[in-house]
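**Q** need the 3D shape of this:
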Amino acid sequence: MREADVDAVFDVECRAYEFPWTAGIFRDCLRADYMAWVLDVEGAIAGYFLMSLAAGEAHVLNICVAPEQQGHGHGRRLLRALIQLARTRGAQRIFLEVRPSNRRAIALYDMEGFNEIGRRPRYYPARDGREDAIVMAMELLPAEI
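**A** Residues are numbered from 1 along each chain as shown. Below you'll find the predicted structure:
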């Protein structure tokens, strides 16, 4: 992801989430040098992820697929790329938060090897107040040489 991608990424974010990140948050992540990738499908951004990495731990900050591109395996492709990137950069584990109401994402994370390790009460904004976050983690094996 580059600065020039932010408007298109923000458009996807707004269409995918009821409570989207702002364009400024994406720009701040780029300035902080977080790992940020986009998935291009036929010349358009179909999805993206942002991840921080420090002290051997990766944290998924945001992973998203455009609504019209969901159901085609793009989320799995992005997640696997994120996992591989974290592994090659020396991460020993990956953490993420997910809304309990996002059953498709939870199922994907389960299938790819993440496990629920806790909850963060009232973590996400919701239409009727706040929604908890399920905290998930995956232990990584060292990258093969």
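**Q** longest single helix anywhere in this structure?
**A** Of all the segments of type helix in the chain, defined by DSSP state H, the longest one is helix 74-88.
**Q** list the buried ones in that one?
**A** His74, Gly75, Leu78, Leu79, Leu82, Ile83, Leu85, Ala86, Arg87 (16 or more other CB atoms under 10 Å). For glycine as for every other residue, the C-beta is placed from the backbone atoms N, C-alpha and C.
**Q** any weak-confidence spans in this protein?
**A** Within the chain, the stretches with pLDDT under 70 are 143-145.
**Q** any chance you could map the helices in it?
**A** Ranges of helices in the chain, per DSSP H, are 6-16, 23-31, 74-88, 103-111.
**Q** surely Gly56 touches Arg93?
**A** Yes: if you go by CB atoms under 8 Å, Gly56 and Arg93 touch, sitting 7.5 Å apart.
**Q** which helices and strands does the longest helix of the chain pack with?
**A** Under the contact criterion of 3 or more CB pairs under 8 Å, 6 or more residues apart in numbering; DSSP states H and E, helix 74-88 touches strand 35-41, strand 44-54, strand 57-65, strand 93-98, helix 103-111.
**Q** before I go, just wanted to say thanks for your time.
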